[in-house]
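Asker: Fold the following for me, if possible:
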Amino acid sequence: MEIVIDHLTKHYGSYEALKAISVRIERGMFGLLGPNGAGKTTLLRILATLLQPTSGRVLAGAFDLRQRAQRKAMRASLGYLPQELSFYPELTGREFLDYMGLLKGLYQRRERRTQIDALLQLVNLTEKANQKVSAYTGGMKRRLGLAQALLGDPQVIVIDEPTAGLDPEERIRLRTLLTGLAEDRIVILSTHIVEDISQTCERLAVLDQGQLVFDGFTRQLTAAAEGATWQLLATPDAVLPRELSVISALPQRHEVLYRVVGPKPDGPVRAVQPVAPTLEDGYVWLRRQHAERRQQVSVF
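Answerer: Below is the predicted model of the structure:
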């Protein structure tokens, strides 16, 4: 299956949340990156058939999501994990999945139970399956949420901020699980955490204020900051040039070791040297350039 997003626009009154977005998404992990308010959740809700665009279209395989009947048919091939998933705290994990399975149309009890057992094992919750959800940790709830998204063996999985609030071990565990799932289906991962994309996705799109500002391979976005990523030393009270974006600041004995993105630094700094860029460097560089272009346009 392939998803084609064609000139997708969404208005909320006079506010334009999405501005003519066009992207193709193929099998595997696809990252959707951008700051809060960029339009990521709006796009995901449209892909999950929960929201209708103002204009444009989404084709998911043979399904045209402009058509009500085809949106309904698409839901059988779709798994969705929103950023905030409501649970029933008095249900056990197994009971919650059983209920969600019924909502998804899995009416055969034996088939539903077989799927639930397999999914509980997949997300490492078998031993906690009969425990009430109210006793689950944040990481366990995210894994249970992923299990409900996988009910019915969907070919498209849409996930919004899956690792927000998780500890490092839970984040690694969930990213590894998602990577395995993407071998034979489309997994769309939306986040503002760059590391989640760099560790899982080969392709990504970047949204900023409703606009598509990048669509391509992660290595291409990383390479965009080549020659613009620097390491330098400065005193703790030094004021760095405004044209530099600080990626990290590591205190030394009497100085601070900075990693920055921008033109070659000068001023109250020393030991300036270029360093190989990361995806985070490329992302910061991209957003900086986009902000500068937007500012130039507003001036004229």
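Asker: Only C-alpha atoms from now on, for both contacts and neighbour counts.
Answerer: Noted.
Asker: Next, the contact list for the residue nearest the centre of the chain, please.
Answerer: Nearest to the geometric centre of the chain sits S190, at 1.7 Å (Cα atoms, centre = their mean). By Cα atoms under 8 Å, 6 or more residues apart in numbering, the contact set of S190 is 31-33, 40-41, 44, 159-162.
Asker: Mind checking which of these land in helices?
Answerer: Among these, the members found in helices (DSSP state H) are 40-41, 44.
Asker: okay, now the domains of the protein?
Answerer: According to automatic domain parsing, the chain comprises the domains 3-220, 223-299.
Asker: Summarise which helices and strands the helix or strand encompassing R259 is packed against.
Answerer: Using DSSP states H and E, R259 maps to strand 256-261. If you count contacts as 3 or more Cα pairs under 8 Å, 6 or more residues apart in numbering; DSSP states H and E, strand 256-261 packs onto strand 229-234, strand 245-251, helix 279-299.
Asker: and of those, who's closest to Q70?
Answerer: helix 279-299 (35.9 Å; Cα to Cα).
Asker: and that closest one with strand 245-251, angle?
Answerer: 140 degrees (axes from the mean of the first three to the mean of the last three Cα atoms, to 10 degrees).
Asker: for helix 279-299, packing partners?
Answerer: If contacts are counted by 3+ Cα pairs under 8 Å, 6+ apart, helix 279-299 sits against helix 194-198, helix 218-223, strand 256-261.
Asker: in the shortest one, what counts as buried?
Answerer: Right, helix 194-198. Under the neighbour-count criterion of 16 or more other Cα atoms under 10 Å, helix 194-198 has 194, 196-198 buried.
Asker: So which residues make contact with it?
Answerer: 31, 33, 163, 175, 189, 191, 204, 218, 279-280.
Asker: do stretch 135-144 as well
Answerer: Residues contacting stretch 135-144 (Cα under 8 Å, 6+ apart): 93, 120, 123, 125, 133, 162-163, 165-167, 170, 174.
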